[in-house]
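> how does the following fold in three dimensions:
(one chain, ligands or ions: 2)
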Amino acid sequence: MRSYDIALIPGDGIGKEVVEAAMPVLRKAAGQNGFTLKETVYPWSCNGYLETGRMMPEDGVEQLRRHDSILLGAVGWPDRVPDSVSLHGLLLPIRKAFDLYVNMRPHRLLPGVTGPLRATDFDILCIRENTEGEYSGAGGRVHVGTPAEVAVETSIFTRRGVERVLRYGFEQARRRRGKLASVTKSNAQKHSMVFWDEVTEALSAEYPDVEVTRYHVDAIAARMITHPGSLDVVVASNLFGDILTDIGAAIQGGLGFAASANVNPSGGVPSMFEPVHGSAPDIAGRGLSNPIATIWSGALMFEHLGEAAAAKAIMAAVETVAGAPERLTPDCGGSANTQEVAEAIASELQGCQ
Ligand code: NAI
Ligand code: MG
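Ligands and ions are numbered 1, 2, ... in the order given. Model prediction:
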C-alpha cells in the first residue's frame, strides 16, 4: 500500500487544536483511497522555546528533510515570545531551507458560506512568490535616531526567481480555466516590475493556450472585490501576494477557510501545508477554532502528493458540511466546536468511486 511520511508541527494555541481535529479526516480519506500516513509529531512551539531557548532543534531542518510533506498548525504566542523570534526560529528557516518558492492559496466561497461580497461565484488561485522580491531582507539603516537617518529596503528580483514562480502559475492555469493574471506595478516601479512583465511576456509564448492579463496591483485588489469571478490564477510578488491573499481570505469568509501550500515544485524536499491563520490566543483552548482551513490545507497536501482523488473527496465532504452553517464553528455563525466540525466532515467522506 502507498504510504506517505508526514511531519506534523501543531505549534501553539489553536494550531494544536486544528491539527488534532484535522488528522482523523486526513487518515480516513487516505484509507478510503488506498494509502496510509506515517505521522511524526514535532512539538516545536513557543512553549518549547521557553524551555529550551530554541523554536526547533539545531538540526530541525535535517529532521524534516526525510519526510514527504509537512503539515503545520500555527506558531506564535506574542505575550511570551516575540513574533520575530517565533517566525524567524521556525517558519522562515523551513521555507528557506527547502526553497519553498511557491506560496499557493485557493480563494473560493464554499457553497452555503456567506462571505462579505454580493458576488458568490469565484474560484481564484493566488500564487505568491515566497523567497525574494520585496521581502529579500536586503537593506540597512544609517544615522539611526538622528534627523539624518536613512532607511533602505531593496527589492530583489532574479530571472530565476521570477521565471520559476510564473512558470508554476502558467502550469496551474493550464490545469484550471486557462487564465493567468500577472500582477505588477510597472507604471511606477520601472525596473523590477517592467522586468517581471518581460518575463511574463517571454513565458507566455510557451503557453499559447493560457490567456494572460497584466494587472497593476491596485487595480486587481479592487477587481478581487468587484469582479472576483473574472479571475482564475493570479501570480504576484512576495509583498503584493501577501496583501492580495488577505483580501482573498476575507472574501472567502475569513481565516477559518483560508488554506495554503508552501511548495517547491521541483520536489526532493518536503513541501509545507498550513492554514493561513495564526495561533489565535484570543480563542485558544475553547474549541472555537474552525478546522476547515487546516483540513483544506491537508487536501492541498494530498493533491501535491499525487493523491487527487483523496483531495477531491475531502473537499466534497467539506462542502457538504459548509452547506449547513449550523454545523460550523461560531466564526461562521454556527454553534459546533472544532472537534464536531471535523467529525461531521469525516462522516461525510465518501470512499473512492
Ligand atoms: P490569528 O490568525 O491568530 O487571529 C486573528 C483573528 O482571527 C483572531 O480574532 C482569531 O480568533 C481569528 N481566527 C484565526 N483563525 C481562526 C480559526 N481557525 N477559527 C476561528 N477564528 C479564527 O492572527 P493574530 O492574532 O494576529 O496572531 C496570533 C499569533 O499567531 C501571533 O503570534 C502571530 O505571529 C501568529 N501567526 C502565525 C502564523 C503562522 O504560524 N503561519 C500566521 C499568522 C500569525
Ligand atoms: Mg499576510
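
> just the helices in this structure please.
14-32, 46-52, 60-65, 83-86, 92-97, 159-175, 192-204, 217-226, 238-251, 292-304, 308-322, 338-348 (DSSP state H).

> winner for burial among those helices?
For the helices of the chain, the largest average neighbour count (mean count of other C-beta atoms under 10 Å) is found in helix 292-304, namely a mean of 26. In short, each C-beta sits where N, CA and C put it, glycine included.

> with adjacent residues omitted, what lies nearest to residue 38?
residue 5 (4.7 Å; C-beta to C-beta, 6 or more residues apart in numbering).

> where in the stretch 1-150 of the chain is pLDDT low?
Judged by pLDDT under 70, the stretch 1-150 of the chain has no weakly predicted residues.

> so which residue of it comes closest to ligand 1?
residue 76 (2.2 Å; C-beta to the nearest ligand atom).

> surely that residue and residue 13 touch.
Yes. Between residue 76 and residue 13 there is a contact at 7.3 Å, judged by C-beta atoms under 8 Å.

> who's in contact with the residue of the stretch 1-150 of the chain closest to ligand 1?
11, 12, 13, 46, 83, 86, 87, 278, 279 (C-beta atoms under 8 Å, 6 or more residues apart in numbering).

> including distance to ligand 1, could the helices of the chain go into JSON lines?
Formatted as JSON lines, these follow (distance: least, C-beta to the nearest ligand atom, whole Å):
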{"stretch": "helix 14-32", "distance to ligand 1": "6"}
{"stretch": "helix 46-52", "distance to ligand 1": "8"}
{"stretch": "helix 60-65", "distance to ligand 1": "15"}
{"stretch": "helix 83-86", "distance to ligand 1": "4"}
{"stretch": "helix 92-97", "distance to ligand 1": "10"}
{"stretch": "helix 159-175", "distance to ligand 1": "20"}
{"stretch": "helix 192-204", "distance to ligand 1": "26"}
{"stretch": "helix 217-226", "distance to ligand 1": "20"}
{"stretch": "helix 238-251", "distance to ligand 1": "9"}
{"stretch": "helix 292-304", "distance to ligand 1": "6"}
{"stretch": "helix 308-322", "distance to ligand 1": "13"}
{"stretch": "helix 338-348", "distance to ligand 1": "8"}
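
> can I get those in TSV with distance to residue 108?
Below are the helices of the chain laid out as TSV (distance: least, C-beta to C-beta, whole Å):
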stretch	distance to residue 108
helix 14-32	19
helix 46-52	32
helix 60-65	30
helix 83-86	29
helix 92-97	25
helix 159-175	14
helix 192-204	24
helix 217-226	12
helix 238-251	9
helix 292-304	10
helix 308-322	10
helix 338-348	17
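
> nearest to residue 142, out of those?
In terms of C-beta to C-beta, the element of the helices of the chain nearest to residue 142 is helix 83-86, at 21.6 Å.

> show me what that closest one is packed up against.
helix 46-52 (3 or more C-beta pairs under 8 Å, 6 or more residues apart in numbering; DSSP states H and E).

> average model confidence for stretch 231-244?
Taken as a whole, stretch 231-244 carries a mean pLDDT of 98.

> now do the same end-to-end measure for it.
Start-to-end span of stretch 231-244 (C-alpha to C-alpha, to the nearest Å) is 12 Å.

> how about stretch 332-341?
End-to-end distance for stretch 332-341: 11 Å, by C-alpha to C-alpha.

> which residues does it contact?
Residues from elsewhere that reach stretch 332-341 (C-beta under 8 Å, 6+ apart): 14, 17-18, 21, 113-114, 253-254, 256, 287-292, 321-322, 325-329, 344.

> picking up where we left off before, now for the contacts of residue 76: which two are most distant?
13 and 87 (14.4 Å).

> neighbour count for these two, which is higher?
Neighbours were counted for residue 13 and for residue 87 using other C-beta atoms under 10 Å; residue 13 has more, 25 against 14.

> check contacts around the more buried one.
Shown in contact with residue 13 (C-beta under 8 Å, 6+ apart): 74, 76, 77, 278, 279, 280, 281, 284, 285.

> repeat that for 10 Å
Taking C-beta atoms under 10 Å, 6 or more residues apart in numbering as the criterion, residue 13 is in contact with 45-46, 73-77, 277-285, 289.

> the residue nearest to residue 38 against residue 63, yeah?
No. Look at residue 5 against residue 63 with C-beta atoms under 10 Å: they stay out of range, at 11.8 Å.

> overlap in contacts of these two?
Listed as contacting both residue 5 and residue 63 by C-beta under 10 Å, 6+ apart are residue 40.

> excluding residues flanking it in the chain, which one is nearest residue 255?
Excluding its sequence neighbours, the residue lying closest to residue 255 (C-beta to C-beta, 6+ apart) is residue 277, at 3.9 Å.

> follow-up on the earlier one: could you flag which of the contacts of residue 13 are buried?
45-46, 73-77, 277-280, 283-284, 289 (16 or more other C-beta atoms under 10 Å).
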